[in-house]
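# Sequence and predicted structure, then a few things I'm wondering about:
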Amino acid sequence: MKMSLAEILDVKERKEEYARIFFSPDKLKENLIMFKLISNLVRKTGGSLSEIDEMSLLDASVFEHAQQELIDSLASVASIATVEAEPILQYSTGQIARFFGVSQTTISNWIAQDRFEGVVRPDTGKHVEIPSDTIFKYPSGRLVCVKEVVDKYEAKEKRLTANTETESDFIERKIKGYEEKYGAIELLREQLEKGVRNASDGGLDLDVWEYLMQRRDALGG
């Protein structure tokens, strides 16, 4: 039985409470055995955990923190199972900025602050892509899946265009406009990579263009 995304986010937000429920405070031996058993399972299913020797776990505070990390990793593994039937899309920081309604600078700052789970700041000159199944943590502590933010953005866009044209027509119109302005998308991408165009002169358009093409493919266009 798969967990819902809301249930997974609840576990991650309240991992301290779930850890206290899962591990009995007066059964150290059983807790250690269960901790090692589940830790091995999490690692075998792609989860990430800190390496801690068994003697260190005899320290109550260390063991408590390790339990919370284990619960969090379990939720992450569950989230993979929840979205595995859906294609995982990769988004640029420009696309993510548009979905969240903020600037690319803000997105870069959030990446540096580890607000996108599993996403690290790229080396200078390299681009970072954020998967649609990434969990984002707001400054308030609330967690949300990137896909949920994208779905809300797309639903809003559909409402805005519903009275005048279909989503497919809207996408085709926008893509045609970019082709008339820049030529083929490969040409614009090459010009930006070689520095013929500055990022401020076509960079955002390329992000939008690539997203529209992804969306057109998803709609079967």
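Alright, I've got the coordinates.
# Low-confidence regions, the chain specifically.
1-6, 79-86, 125, 161-165, 221 (pLDDT under 70).
# Check whether Phe16 really touches Gln68, as I assumed.
For the record, residue 16 is Glu, not Phe. Yes: with contacts counted by CB atoms under 8 Å, Glu16 reaches Gln68, the gap being 5.5 Å. Where you see a C-beta, it was placed from the backbone N, CA and C, and this is true even at glycine.
# Counting neighbours, go ahead and name the busier of those two.
Applying other CB atoms under 10 Å to Glu16 and Gln68 shows that Gln68 carries more neighbours, namely 17 against 13.
# Show me what the helix or strand containing Phe35 packs onto, helices and strands only.
Using DSSP states H and E, Phe35 maps to helix 28-44. Helices and strands touching helix 28-44, as assessed by 3 or more CB pairs under 8 Å, 6 or more residues apart in numbering; DSSP states H and E, comprise helix 60-83.
# what's next to the helix it packs on, contact-wise?
2-5, 8-9, 11-12, 15-16, 18-19, 22-23, 31, 35, 38-39, 42, 45-50, 52, 56-57, 117, 132-133, 135, 145, 147 (CB atoms under 8 Å, 6 or more residues apart in numbering).
# Just the buried ones among those, please.
Neighbour counting with 16 or more other CB atoms under 10 Å marks 5, 8-9, 11-12, 15, 18-19, 22-23, 31, 35, 38-39, 42, 47, 49, 52, 57, 117, 132-133, 135, 145, 147 as buried within these.
# This structure: helices as residue ranges?
With helices called from DSSP state H, the chain shows them at 5-13, 15-22, 28-44, 60-83, 93-100, 104-112, 146-161, 167-182, 185-194, 203-218.
# and these as CSV, adding distance to Asp123?
Conversion of the helices of the chain to CSV gives the following (distance: least, CB to CB, whole Å):
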stretch, distance to Asp123
helix 5-13, 29
helix 15-22, 31
helix 28-44, 27
helix 60-83, 25
helix 93-100, 14
helix 104-112, 13
helix 146-161, 22
helix 167-182, 28
helix 185-194, 16
helix 203-218, 19
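# so which of the ones you listed comes closest to Ser140?
helix 5-13 (10.7 Å; CB to CB).
# returning to that earlier point: okay, the helices of the chain, which one's buried deepest?
helix 93-100 (a mean of 21; mean count of other CB atoms under 10 Å).
# Need phi/psi at Thr134.
With angles defined as degrees, to the nearest 10, Thr134 sits at phi -70, psi 140.
# That one: how many residues sit nearby?
Residues near Thr134, counting by other CB under 10 Å: 22.
# thought it was touching Glu117?
Yes: counting by CB under 8 Å, Glu117 is a contact partner of Thr134 at 6.0 Å.
# Once you drop chain neighbours, what's closest to the residue nearest to the spatial centre of the chain?
With distances taken as CA atoms, centre = their mean, Thr134 lies nearest the centre of the chain, 1.7 Å away. Of all residues beyond its chain neighbours, the one nearest Thr134 is Val146 (4.6 Å), with distances taken as CB to CB, 6 or more residues apart in numbering.
# what about the one you found, distance to Arg216?
Separation of Val146 from Arg216 (CB to CB, to the nearest Å) stands at 20 Å.
# What about the protein, which residue is the most distant from its middle?
The chain, farthest from centre, CA atoms, centre = their mean: Asp26 at 37.7 Å.
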